[in-house]
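A.B. asks: the amino acid sequence is not available; the structure is as follows:
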């Protein structure tokens, strides 16, 4: 009798079998933890510890009084949530609501204008023409300028005898209280940060295949039809991430209004400026309460933005999609 030997089935080299996470050895898990430990340690030092310290400080308030011997004593007393309750009553509540409305107004207005202008800049930088490199470099100059320097530059422009009033032929007090100061902040902020959105959107435009536009032109689609049916849908994930980053940055606005207009101005005071002013007055409990509320505000906006609009800031959706495609292809190969 002769024995027959069956050759093993050839493996698909294009789609090699992936090892399940259940088959990973303990050594691989320990190695992954060791590699991530420096990053986790830095995050704990710069994020977790300051946050817990601010929450703890917000539960205390500096108080002074007399002891049994008649001497003045100063210290911090535990007041619970009293600092948070004061955010909605009295003079402190008025300042908080004003700063909250200013922060929200600046965020919505500047991000909306920056998104429109940044998209226009990205479309201009993506076109092929002579001098495109010079245009890209010049557009990125405002983003490269430090915010404090930008604030001083626009403060010089918006002086009573500055360039803005000379061009308008008027005597507007841009750096005083009122609507003019809000307009000055919006103009300076949009000028500086619109190139950031333009740069991120340009990166998204670069990965759109040119064949898609060629097929659209063959079908008779004009520029506006291509923009609405091809460009915007394909660049939407990148645009959402850019808008999210700008929203989180605008909610923490401090340096530009501080340098351009100055502290203590009711019309431009933001939550960050209010927290700084309270800490500058040695009222650390209320300052920490303002900071914690601002943190919660930013966190809620980020979560809602990601959940509702579907901004993929970690790339997890694309990674999951690739994994599902790989799994389906492996199952198809196994059934053949």
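C.D. replies: Yes, it's here. Note that the coordinates shown come from a computational prediction; the quantities given were computed from them, not determined experimentally. Numbers count the residues shown, from 1 in each chain.

A.B. asks: residue 282 and residue 62, how far apart?
C.D. replies: Counting by CB to CB, to the nearest Å, the gap from residue 282 to residue 62 is 7 Å. (Glycine included, C-beta is placed from N, CA and C.)

A.B. asks: got the buried residues for the helix or strand where residue 302 lies?
C.D. replies: In the assignment (DSSP states H and E), residue 302 maps to helix 284-309. For helix 284-309, a neighbour-count test (16 or more other CB atoms under 10 Å) marks 284-295, 297-298, 301-302, 305-306 as buried.

A.B. asks: who are the packing partners of it?
C.D. replies: Contact here means 3 or more CB pairs under 8 Å, 6 or more residues apart in numbering; DSSP states H and E; on that basis helix 284-309 packs against helix 49-57, strand 60-66, helix 82-85, helix 90-126, helix 232-251, helix 271-280.

A.B. asks: mean pLDDT lowest where, among these?
C.D. replies: Sorting the helices and strands packed on helix 284-309 by mean pLDDT places strand 60-66 lowest, at a mean of 68.

A.B. asks: for this structure, name the helix or strand with the lowest mean pLDDT.
C.D. replies: Within the chain, confidence by mean pLDDT, DSSP states H and E is lowest for helix 316-335 among all helices and strands, at a mean of 57.

A.B. asks: mean neighbour count for the helices and strands packed on helix 284-309 - can I get that in a markdown table?
C.D. replies: Output for the helices and strands packed on helix 284-309, formatted as a markdown table (neighbours: other CB atoms under 10 Å):
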| stretch | mean neighbour count |
| --- | --- |
| helix 49-57 | 13 |
| strand 60-66 | 13 |
| helix 82-85 | 18 |
| helix 90-126 | 18 |
| helix 232-251 | 19 |
| helix 271-280 | 20 |
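
A.B. asks: and those: which comes nearest residue 31?
C.D. replies: helix 49-57 (26.6 Å; CB to CB).

A.B. asks: can you spell out which helices and strands pack onto the helix or strand residue 134 falls within?
C.D. replies: If you go by DSSP H and E, residue 134 is part of helix 132-144. Packing contacts for helix 132-144, counted by 3+ CB pairs under 8 Å, 6+ apart, involve helix 90-126, helix 179-206.

A.B. asks: turn the ones you listed into CSV, columns for distance to residue 267.
C.D. replies: Below are the helices and strands packed on helix 132-144 laid out as CSV (distance: least, CB to CB, whole Å):
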stretch, distance to residue 267
helix 90-126, 7
helix 179-206, 5
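
A.B. asks: out of those helices, the one nearest residue 221 is which?
C.D. replies: Of all the helices and strands packed on helix 132-144, helix 90-126 sits nearest to residue 221, with 16.0 Å by CB to CB.

A.B. asks: so which elements touch that closest one?
C.D. replies: With 3+ CB pairs under 8 Å, 6+ apart as the test, helix 90-126 has helix 132-144, helix 179-206, helix 232-251, helix 271-280, helix 284-309 packed against it.

A.B. asks: what residues does the fourth one touch?
C.D. replies: Okay, so that is helix 271-280. Outside helix 271-280, the residues that touch it by CB atoms under 8 Å, 6 or more residues apart in numbering are 95-96, 99-100, 103, 251-254, 257-258, 263-264, 269, 284, 286-288, 290-291, 293-294, 297.

A.B. asks: same thing with the first one?
C.D. replies: Contacts with helix 132-144, where a contact means CB under 8 Å, 6+ apart, come from 121, 124-125, 150, 191-196, 198-199.

A.B. asks: most neighbours among these, which one?
C.D. replies: residue 198 (27 neighbours; other CB atoms under 10 Å).

A.B. asks: just checking, residue 154 touches residue 186?
C.D. replies: No. With contact defined as CB atoms under 8 Å, residue 154 does not reach residue 186; the gap is 10.9 Å.

A.B. asks: between the two, which has more neighbouring residues?
C.D. replies: residue 154 (25 against 16).

A.B. asks: name the nearest residue to that one, sequence neighbours excluded.
C.D. replies: residue 188 (4.1 Å; CB to CB, 6 or more residues apart in numbering).

A.B. asks: so the one you found makes contact with residue 149?
C.D. replies: No. Residue 188 is beyond contact range of residue 149, at 11.4 Å (criterion: CB under 8 Å).

A.B. asks: leaving out chain neighbours, which residue sits closest to residue 203?
C.D. replies: Closest to residue 203 by CB to CB, 6+ apart is residue 238, at 6.4 Å.

A.B. asks: residue contacts, the one you found?
C.D. replies: Taking CB under 8 Å, 6+ apart, we find residue 238 in contact with 200-201, 203-204.

A.B. asks: scan those and report the most crowded one.
C.D. replies: Neighbour-wise, the contacts of residue 238 (other CB under 10 Å) top out at residue 201, 26 neighbours.

A.B. asks: residue 126 versus that residue, what's the distance?
C.D. replies: Look at residue 201 and residue 126: by CB to CB, they are 9 Å apart.

A.B. asks: same question, residue 271
C.D. replies: Residue 271 is 37 Å from residue 126, by CB to CB.

A.B. asks: related to what we said a few turns ago, distance from the helix holding residue 302 to the middle of the chain?
C.D. replies: Distance of helix 284-309 from the chain centroid (CA atoms, centre = their mean, to the nearest Å) equals 12 Å.
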